[in-house]
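# one predicted model, sequence on top.
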Amino acid sequence: MRKLKPGTYDEWRKAWEPQDWPEYARKAYILRNLENADEVIAFGFYDTDLARKRENPRLREQQRARFERWRHTSSPRAPTASTK
């Protein structure tokens, strides 16, 4: 779960989506909390071994750039999967 700063969903959504989807990407979803639309969960399904793909320096740089684009839209106290 990621808590967005109020009013930044559209900006976050645009930044979250990769500029070029990998050929092995199958589906991606964004879920919003009905009681607090600034709480989101985003996930995707891939037809590949993601652990292996993450070893690719090009993919790591693309991911780093994506995270940097939307980092400022998140609340500083927002829990993420890596902080729980």
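Thanks, I have the structure now.

# now the longest helix seen in the chain, how far from the chain's geometric center?
Using DSSP state H, we find that the single longest helix of the chain is helix 57-71. Averaging C-alpha positions (C-alpha atoms, centre = their mean, to the nearest Å) puts helix 57-71 10 Å from its chain's average.

# all further residue positions should be reported with the first residue as 28.
Happy to do that; since the first residue is 28 now, the last one works out to helix 84-98.

# centre-most residue in the protein?
Central residue of the chain (C-alpha atoms, centre = their mean): Trp43, 4.9 Å from the mean position.

# please name every helix or strand in contact with the helix or strand Phe72 falls within.
Assigned by DSSP states H and E, Phe72 falls within strand 66-73. With contacts taken as 3 or more C-beta pairs under 8 Å, 6 or more residues apart in numbering; DSSP states H and E, strand 66-73 sits against strand 29-30, helix 36-43, strand 52-59. C-beta: built from backbone N, CA, C; applies to glycine.

# what about the last one, average pLDDT?
Regarding strand 52-59, the rounded mean pLDDT is 93.
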